[in-house]
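Undergrad: I'll drop the sequence and a predicted model, then ask my questions.
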Amino acid sequence: MQYAVTSAEMKFYDAETISKIGMPSLVLMERAALETVRVLTEEGKAGGKVLVVAGVGNNGGDGLAIGRMLALSGAEVTFLLAGSEDKASSETKSQIEILRNLGFSIQSKLKNREYDIVIDALFGIGLGRPIEGAYRELVEEMEKMRQRGALVCSVDIPSGISADTGKIMGCAVKADVTVTYAFAKRGELLYPGREYTGKLVVRDIGIPHKLTEQLKPETFFYDKRDVPWRMPKRRPDGNKGTFGKVLLISGSLDMCGACILCGSSILRAGAGMVKIISPECNREIIQKSLPEAMLYSYEQFPKENQLQKSLEWADIIVAGPGLGMGKEAYFLTEYCLLNGKIPMVLDADALNLIGKHKELAELLRRQDGKRIVLTPHPGELVRLLDTDMESYREKRMETVKEAAKRYGCVLASKDAVTVVLGEAEGGVFINTSGNDGMATAGSGDVLAGIIGGLMAQRLPAYEAACLGVYLHGRAGDEAVMENGKYAVTATDIVRYLSRVMK
């Protein structure tokens with residue numbers, strides 16, 4: 001598990017490292033510069049003509065130190081200080097003095113030249129207002145240089161990106177690579193900040209991670225190293241019942257594909273058995289496409305005694321994919337909320353029904369939310385909260401937290417970057433896997449199935465949601481490597497899940 005910190009959290013860790021541990025600020029600055037130069041060297045971009053655009057804060061000091069190291073290694077470096085030197089931080093003034101003692105000059109105006117590398121050290125994580133005026137012009141000039149072929153490397157965070165939300169503060173630098181220090185910043189993982197960050201590289205500069213014991217970051221994410229030990233344990237003496245029985249309530253007239261995609265992903269995620277409840281019109285194609293599944297198909301309306309038997313058989317319920325909004329769908333959703341005392345994943349039309357009918361929403365609020373995962377996309381989320389898309393886009397994190405609080409459930413808020421949180425849990429998970437090729441019909445059905453399959457193997461709902469979202473994205477990444485972004489289908493994501501699980 002890796003942390004992604006806010007501006008306030010990072011400032012705390014910096015201050016504690018300097019004041020309590022005794023690490024001088026200039027030492028941290030030198031280490032930040034050294035690590036950035038190492039990254040540029042690894043990228044094969046540590047020479048040629050370099051422009052350093054430095055602000056007067058400590059971010060600018062980092063940039064000046066980076067430029068000095070590159071210059072001493074043979075690069076042709078131009079130093080530009082944006083802002084009044086009198087207002088520079090003490091550390092940045094020290095970096096200016098070092099440069100002058102070495103015979104380097106520092107410009108106050110940008111000259112019209114071509115560069116191979118641009119070091120963006122204009123603003124760091126403390127930016128609190130939109131970039132305007134001469135600073136905006138500098139950002140625009142850096143973008144023109146990038147478009148002409150210069151590699152843009154941002155120091156800690158692209159200038160103009162909010163470290164907390166990823167929003168653009170008036171305008172922002174679009175980096176090819178961002179070297180950030182100690183921890184990733186939350187805004188670098190959320191759009192549009194994620195796009196502007198480019199390749200994100202996190203480097204240690206001496207800030208002890210044990211400081212997170214004093215102030216635990218709210219946000220975290222996974223990488224490949226986290227997956228093996230988070231997977232459900234497999235018993236060598238287990239059987240199909242050992243690994244969980246999932247009741248999938250899915251499908252309606254002309255919506256059979258959701259059953260197959262979701263049911264397949266349940267089994268691919270490791271569940272031992274799946275039983276599908278769906279209308280009779282879907283029976284034949286389910287049996288042909290997913291012969292591993294058990295099936296209860298109803299003619300006109302599901303029978304209560306058959307539904308009750310299925311609930312008694314199951315360890316977990318996954319409900320909603322392709323379910324529709326008719327009276328049968330309402331009955332099935334209501335019955336599960338009234339009688340299902342086992343873990344659940346509620347997706348798609350189950351969520352739409354809850355958003356439409358207040359009595360279903362009230363039934364959901366009465367549940368033990370720790371055992372229930374909701375997986376809404378933006379449209380479903382705003383319906384659950386009776387809000388609008390503009391409000392969601394403007395204040396996404398606040399909206400997601402409000403939904404988790406209102407329903408008391410684990411919430412996997414699907415979007416270009418999926419966020420998982422539980423009102424009763426201790427953190428916000430931001431997913432870093434996946435790609436825009438996954439924006440395809442049925443992808444959400446696959447995710448619901450993966451989470452359900454993991455929960456069937458006794459993973460708690462919150463853990464299953466975080467891991468399921470990450471694995472889903474990894475499978476999408478594998479699919480894109482083989483097929484390209486334009487050609488990925490939900491079936492591909494199911495197929496490549498086996499490679500990721502392996």
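TA: Right, received. Where do you want to start?

Undergrad: if we ignore the residues flanking it in sequence, what's nearest Ser162?
TA: Of all residues beyond its chain neighbours, the one nearest Ser162 is Gly187 (4.9 Å), with distances taken as C-beta to C-beta, 6 or more residues apart in numbering. Every C-beta, even on glycine, is put in place using the N, C-alpha and C of the backbone.

Undergrad: ditto for Gly257
TA: Counting by C-beta to C-beta, 6+ apart, the nearest residue to Gly257 once its immediate chain neighbours are dropped is Gly442, at 6.2 Å.

Undergrad: helix, strand or coil: sort out the residue nearest to Ser162 for me.
TA: Here Gly187 is helix, with the state taken from DSSP: H, G, I helix; E, B strand; the rest coil.

Undergrad: contacting residues for it?
TA: Remark: with contacts taken as C-beta atoms under 8 Å, 6 or more residues apart in numbering, Gly187 is in contact with 157, 161-167, 193.

Undergrad: can you redo the residues you listed as TSV with distance to Gly103 and neighbour count?
TA: As requested, those are exported to TSV (distance: C-beta to C-beta, whole Å; neighbours: other C-beta atoms under 10 Å):
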residue	distance to Gly103	neighbour count
Ile157	31	34
Ile161	35	31
Ser162	38	22
Ala163	35	25
Asp164	40	19
Thr165	42	19
Gly166	40	26
Lys167	41	17
Gly193	38	26
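
Undergrad: closest to Gln457 out of those?
TA: Distance to Gln457, by C-beta to C-beta, is smallest for Gly166 among those, at 33.7 Å.

Undergrad: number of residues surrounding Lys358?
TA: In terms of burial, Lys358 registers 10 neighbours under the definition other C-beta atoms under 10 Å.

Undergrad: before we move on, back to that, list the contacts of the residue nearest to Gly257.
TA: With contacts defined as C-beta under 8 Å, 6+ apart, the neighbours of Gly442 are 257-258, 261, 489-491.

Undergrad: distance to Arg234 and neighbour count for these - can I get that in CSV?
TA: Output for those, formatted as CSV (distance: C-beta to C-beta, whole Å; neighbours: other C-beta under 10 Å):
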residue, distance to Arg234, neighbour count
Gly257, 30, 20
Ala258, 28, 30
Leu261, 24, 29
Thr489, 29, 17
Ala490, 26, 25
Thr491, 26, 16
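
Undergrad: pLDDT, secondary structure and distance to Asn435 for those - can I get that in a markdown table?
TA: Formatted as a markdown table, the entries for those read as follows, by pLDDT from 0 to 100; DSSP: H, G, I helix; E, B strand; the rest coil; distance: C-beta to C-beta, whole Å:
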| residue | pLDDT | secondary structure | distance to Asn435 |
| --- | --- | --- | --- |
| Gly257 | 96 | helix | 22 |
| Ala258 | 97 | helix | 22 |
| Leu261 | 98 | helix | 19 |
| Thr489 | 98 | coil | 14 |
| Ala490 | 98 | helix | 14 |
| Thr491 | 97 | helix | 17 |
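
Undergrad: which one of the residues you listed is nearest Ala361?
TA: Within the set of the contacts of Gly442, Ala258 lies nearest Ala361; the separation is 22.7 Å, counting by C-beta to C-beta.

Undergrad: need the nearest residue in space to the closest one, chain neighbours excluded.
TA: Gly322 (2.9 Å).

Undergrad: model confidence score at the one you found, please.
TA: Among the per-residue scores, Gly322 shows a pLDDT of 97.
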